[in-house]
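> the following comprises the amino acid sequence and a computationally predicted model.
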Number of protein chains: 2
Amino acid sequence: MELDLPKDLEQPGLDPSKPATIYDVARFAGVSHQTVSRFLRGYEGIRPETRDRVINALQELGYRPNLAARSLTTGRSHRIGALTHEIDQVGPSKIAQGASLAARQAGYLLDIVTLDMSNRDAINEALELIMQHDLAGVLALSSTDEMTQAFEAADFRVPAYVAAESDDARGGHPSELSSVGLPALVGHLASLGHERVLHIAGPTTYSAARNRVRAYQRAAAECGMSSQGVLDGDWSAKSGYDAIMALSGPLTFTAVVAANDQMALGAILALTERGYRIPDDVSVTGIDDIPEAAYFAPPLTTLRVDFATQGRIAVEQLLARIEHRVLPHSPSLPSSLIVRKSTGPAKR
Amino acid sequence: MELDLPKDLEQPGLDPSKPATIYDVARFAGVSHQTVSRFLRGYEGIRPETRDRVINALQELGYRPNLAARSLTTGRSHRIGALTHEIDQVGPSKIAQGASLAARQAGYLLDIVTLDMSNRDAINEALELIMQHDLAGVLALSSTDEMTQAFEAADFRVPAYVAAESDDARGGHPSELSSVGLPALVGHLASLGHERVLHIAGPTTYSAARNRVRAYQRAAAECGMSSQGVLDGDWSAKSGYDAIMALSGPLTFTAVVAANDQMALGAILALTERGYRIPDDVSVTGIDDIPEAAYFAPPLTTLRVDFATQGRIAVEQLLARIEHRVLPHSPSLPSSLIVRKSTGPAKR
DNA sequence: CAAGACAGTGTTACCGGAAACAAGAGTCTG
DNA sequence: CAGACTCTTGTTTCCGGTAACACTGTCTTG
């Protein structure tokens, strides 16, 4: 090999445009590759003089570690697979964003796969793909029944974690959102004199949707309000609109609690088209506080949820498992009631 | 090593819960590891009988390739780094979603990094991280000046591609959106009798924002309308609202063309609060057609953009480079005018 | 002052694949 | 029927790291 090369290549590794390896660095510094490796992993017992030579060589050659090689030997990678549902909504994408940032700060990269969280085949296909790319862990950024099941059945050989907004059903203690947030929201309506309320729910396969339904019902009962029903939605504005439009006869409620802002938006339009004024005739609330909610007509009273933090927590939980640290007690993230103009005193 | 193991481990590789390697498979099938490797890479010249044994062993051991090892030898990975700006908006996240899907179908995984596309430090930091994780290519899912510059300065050793909505400024032929879509939108306003229009633009560092401004101005001129100005926005509903609120005196225009739906939403609220009725007094249009746009009050006339396809195209362009294929001529994705109730005849 | 102990560094083996090369069994050809 | 050529399969080496172990000197210590 060396035969073809010009004689002046006395400091090999510099010349080819190929990335420098620790061997190149070692040769340049006049040490063994192992010394370089030691330095890179923060080993202390290196003589300052040697250390300087290595540092210089590293610098000079613009060394960048090859993570494929590293993960091949250590068996650990620095990637996390994240499954999230089709993010045409703000919530999920903010969660992903928060997760991505948290992962990055810990030196990990997030492999995000978006899929239809209710489609078992899609889930399995995605898992199949994801399991090939060696990952340090797998994360589901939202929780549906199908996803939970697939996760339980799947044979990851790495830690996996399903980030549920709360796991009331699983015996965990209820989330802040359902134990504090929604009661506050419903209480706000009660204080305005509303006695009959309606809920527009998310898809029942989502644990978040179920929790919100339960919390809504509990809160309504505690406030002495009567729930006039729970309509099915799918998180979209369209479903909120359709749900209201499908109602026949005069309204039996004076307030609507939608499980997210989009459905509230749809509900507002439907109610408006049916001739009701918001909030004079009907009050409407959402959950999430998407950035647009403040600019709805009327601006929406809603419950602000900190999605980014939710994503961050999910990643931290997973990383704790990956690195065999003690699990930090999953902090309950606060939600806050944002009162705008879509709620008002109940009509008598 | 073998000394410690029980004698009955005559088919090693099955037993430990560690993933099976091609060596395990080879031993199980009674062939050499190379035969297994050949089979896996689709080599034809394997005797059917041998092939069957390999297939069986693969199946039996639940073999899954170790992509770290593979990419170490081949020097190729099956991951794509994707940079996108903070996706609290539908457009970017749908682009990411489309890209993710396209990548997955091609056997790649997308490493998505979200960052502030206008913050040079954030960009460089992200690039630094991303370059360590060996990637097959790097993609920027939206295009800002900072991002473009960082890409040009960066020393990826792999293909990189900046997905610009269009690259009018770079001499490329204008995108469908600016050559057909926006003219159609503006033409729609013209046909309703509007003669004085206003534009609310996105941040000027975004090439998409600049293209939309240019296209708007061109289209207005061609329709014989007079542009009453271009207000600065940042894609958010808030910025649309603020832009309108900052105007003093009576309106000099009868129609507003916002560069995206969120800003249109903000503009609608601001105009409403200032006592104008939409569309009776002022018509408002958006661009993007986010799912909520149909449920605004009033439902928004807008230009539908196919974000998912935009993401897909970006990935395909990048993959073509990665795999040294001929670049498919970047297809121009159609946009379509969606007329709803936020536009109406100009007030005399 | 010999014998450990230890600090600092080098050597060798290994991770799981792929490429290059080698070799054995048939098959074909003259 | 021997030599050339194929077809199929096996061996060896390498990718770029890390881990385990081995080897030098110094420094203690009895």
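Nice, I can see it.

> contacts, neighbours, all on C-alpha from now
OK.

> what's the lowest-mean-pLDDT helix or strand in chain A in contact with?
Ranked by mean pLDDT, DSSP states H and E, the weakest helix or strand in chain A is helix A:176, scoring a mean of 70. The contact list for helix A:176 (CA atoms under 8 Å, 6 or more residues apart in numbering or on different chains) reads A:S332, A:L333, A:P334, A:S335.

> give me the buried positions along stretch A:51-66.
Neighbour counts over stretch A:51-66 (16 or more other CA atoms under 10 Å in any protein chain shown) mark A:R51, A:R53, A:V54, A:I55, A:A57, A:L58, A:L61, A:R64, A:P65, A:N66 as buried.

> out of the residues you listed, which are inside helices?
A:R51, A:R53, A:V54, A:I55, A:A57, A:L58, A:L61 (DSSP state H).

> what's the distance between the fifth one and B:I322?
Distance, A:A57 to B:I322, using CA to CA, to the nearest Å: 31 Å.

> for the last one, same thing?
Distance of A:L61 to B:I322, given as CA to CA: 25 Å.

> so which bits of the stretch 1-150 of chain A are right by DNA strand D?
Contact residues, the stretch 1-150 of chain A versus DNA strand D (CA under 7 Å from any atom of the strand): A:19-23, A:33-34, A:37-38, A:40-41, A:64-67, A:69-70, A:72-74.

> same for DNA strand C: which of those are within range?
Among these, the residues within reach of DNA strand C (CA under 7 Å from any atom of the strand) are A:H33, A:Q34, A:A69, A:L72, A:T73.

> from those residues, list just the buried residues.
For those, a burial check counting by 16+ other CA under 10 Å picks out A:H33, A:A69, A:L72.

> which residues touch stretch A:187-194?
By CA under 8 Å, 6+ apart, the residues outside stretch A:187-194 that reach it are A:A219, A:A220, A:C223, A:M225, A:T254, A:A255, A:T343, A:G344, A:P345, A:A346.

> which of these lies closest to DNA strand C?
Nearest to DNA strand C among the contacts of stretch A:187-194, counting by CA to the nearest atom of the strand, is A:A219 at 53.6 Å.

> burial count for the closest one?
For A:A219, the count of nearby residues is 23 (other CA atoms under 10 Å in any protein chain shown).

> quick revisit: CSV for the buried ones among the ones next to DNA strand C among the residues of the stretch 1-150 of chain A next to DNA strand D, including pLDDT and secondary structure?
Output for these, formatted as CSV (pLDDT from 0 to 100; DSSP: H, G, I helix; E, B strand; the rest coil):
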residue, pLDDT, secondary structure
A:H33, 91, helix
A:A69, 87, helix
A:L72, 85, helix
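
> of these, list those near chain B.
A:A69, A:L72 (CA under 8 Å from any CA of the partner chain).

> next, the contact list for A:P203, please.
Taking CA under 8 Å, 6+ apart, we find A:P203 in contact with A:A209, A:D232, A:G233, A:D234, A:W235.

> ok and the residue in the stretch 51-200 of chain A nearest DNA strand C?
A:T73 (3.7 Å).

> using PDB, write out every CA atom in the helix or strand just after the least confident helix or strand of chain A.
The first helix or strand that comes after helix A:176 along the chain, using DSSP states H and E, is helix A:182-191. Once non-C-alpha atoms are left out, helix A:182-191 reads as follows in PDB (Å, rounded to 0.1, in the frame of the first residue of the first chain):
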ATOM      1  CA  LEU A 182     -59.300  20.000  35.300                       C
ATOM      2  CA  PRO A 183     -61.000  20.500  38.700                       C
ATOM      3  CA  ALA A 184     -59.900  24.100  38.400                       C
ATOM      4  CA  LEU A 185     -61.200  24.400  35.000                       C
ATOM      5  CA  VAL A 186     -64.600  22.900  35.900                       C
ATOM      6  CA  GLY A 187     -64.600  24.900  39.100                       C
ATOM      7  CA  HIS A 188     -64.200  28.000  37.000                       C
ATOM      8  CA  LEU A 189     -67.300  27.100  35.100                       C
ATOM      9  CA  ALA A 190     -69.200  26.300  38.300                       C
ATOM     10  CA  SER A 191     -68.300  29.600  39.700                       C
END
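
> tell me which parts of chain A are close to DNA strand C?
Going by CA under 7 Å from any atom of the strand, the residues of chain A near DNA strand C are A:30-35, A:44-47, A:49-51, A:69, A:72-73.

> 10 Å instead, please
Contact residues, chain A versus DNA strand C (CA under 10 Å from any atom of the strand): A:26-27, A:29-39, A:43-54, A:68-75, A:132.

> who in the stretch 51-200 of chain A is up against chain B?
The interface of the stretch 51-200 of chain A toward chain B, taken as CA under 8 Å from any CA, is made up of A:64-69, A:71-72, A:86-90, A:93-94, A:97, A:100-101, A:104, A:107, A:109-114, A:129-130, A:132-134.

> what residue is smack in the middle of chain A?
With distances taken as CA atoms, centre = their mean, A:I95 lies nearest the centre of chain A, 2.9 Å away.

> tell me how far the one helix or strand that one maps to is from the chain's mean position?
Following DSSP H and E, one finds A:I95 within helix A:90-105. Relative to its parent chain, helix A:90-105 has a centroid offset of 6 Å by CA atoms, centre = their mean, to the nearest Å.

> what's next to that helix, contact-wise?
A:80, A:84-85, A:87, A:109-110, A:112, A:141-142, A:288, A:290, A:307-316, B:86-90, B:93, B:112-114, B:129.

> same check, this time on stretch A:305-317
Contacts of stretch A:305-317 (CA under 8 Å, 6+ apart): A:91-92, A:94-103, A:139, A:141, A:161-163, A:165, A:177, A:287-289, A:327-328, A:330-331, A:333-336.
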